[in-house]
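In: sequence-free structure coming up:
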């Protein structure tokens, strides 16, 4: 268990507690249907569980030893991968107002599949199929309005 894991667990737990407290002000129920605070409370509970797992988990050896050079190299690779994933998400958030939700989602998914080592074929398939499923579920079935881009989608 690395010290950064414990720090990450503490940050995630603090964010989860804040999320749940803020969500309780929104209202858990509205009549007989879930209110605006319903999902954030449960998401916060899931995050709190993940934060606690990171805080309380023990290392395989039972001690906080220094990582070996190979483990440090692997840790750097993981950090670079996490930064690339975060960059794809931030880019999508910045593109959605200009291109629309579906196009931004498609571009983010293509980038994520490539970052995670997928082929161009799988990236293109994911970039087409998942936004289509998103559209069918949220726009057509649930009638949720989404940001539309210059092409109308």
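Out: It's in. In this text the structure is predicted, and so the values were computed from the model without any measurement.
In: around residue 15, count how many other residues there are.
Out: By the criterion of other Cβ atoms under 10 Å, residue 15 has 14 neighbours. The C-beta positions use only the backbone N, C-alpha and C, and glycine is treated the same way.
In: in terms of residue numbering, what are the domains of the protein?
Out: Here the domain assignment for the chain is 1-61, 70-153, based on automatic domain parsing.
In: so where's the protein uncertain?
Out: For the chain, the stretches with pLDDT under 70 are 1-2, 59-67.
In: now do the strands in the chain.
Out: 29-30, 33-34 (DSSP state E).
In: quick one: closest of these to residue 70.
Out: Closest to residue 70 of the strands of the chain, according to Cβ to Cβ: strand 33-34, at 47.7 Å.
In: just how off-centre is stretch 33-48 within its chain?
Out: Relative to the centre of its chain, stretch 33-48 is centred 15 Å away, using Cα atoms, centre = their mean, to the nearest Å.
In: ah, wrong one, I meant stretch 146-153
Out: On Cα atoms, centre = their mean, the centre of stretch 146-153 falls 23 Å from that of its chain.
In: flag every buried residue along it.
Out: Buried residues in stretch 146-153, counted by 16 or more other Cβ atoms under 10 Å: 146, 149.
In: start and end of that stretch, how far apart?
Out: End-to-end distance for stretch 146-153: 9 Å, by Cα to Cα, to the nearest Å.
In: what residues does it touch?
Out: Residues outside stretch 146-153 that contact it (Cβ atoms under 8 Å, 6 or more residues apart in numbering) are 96, 97, 98, 99, 100, 101, 102, 103, 104, 135, 138, 139.
In: farthest-apart pair in those residues, please.
Out: The most widely separated members of the contacts of stretch 146-153, counting by Cβ to Cβ, are 98 and 138 (20.0 Å).
In: which one's more surrounded, those two?
Out: residue 138 (14 against 11).
In: count the neighbours of the residue nearest to that one when sequence neighbours are not counted for me.
Out: The shortest distance from residue 138 to any non-neighbouring residue, by Cβ to Cβ, 6 or more residues apart in numbering, is to residue 144 (4.4 Å). Neighbours of residue 144 under the rule other Cβ under 10 Å: 11.
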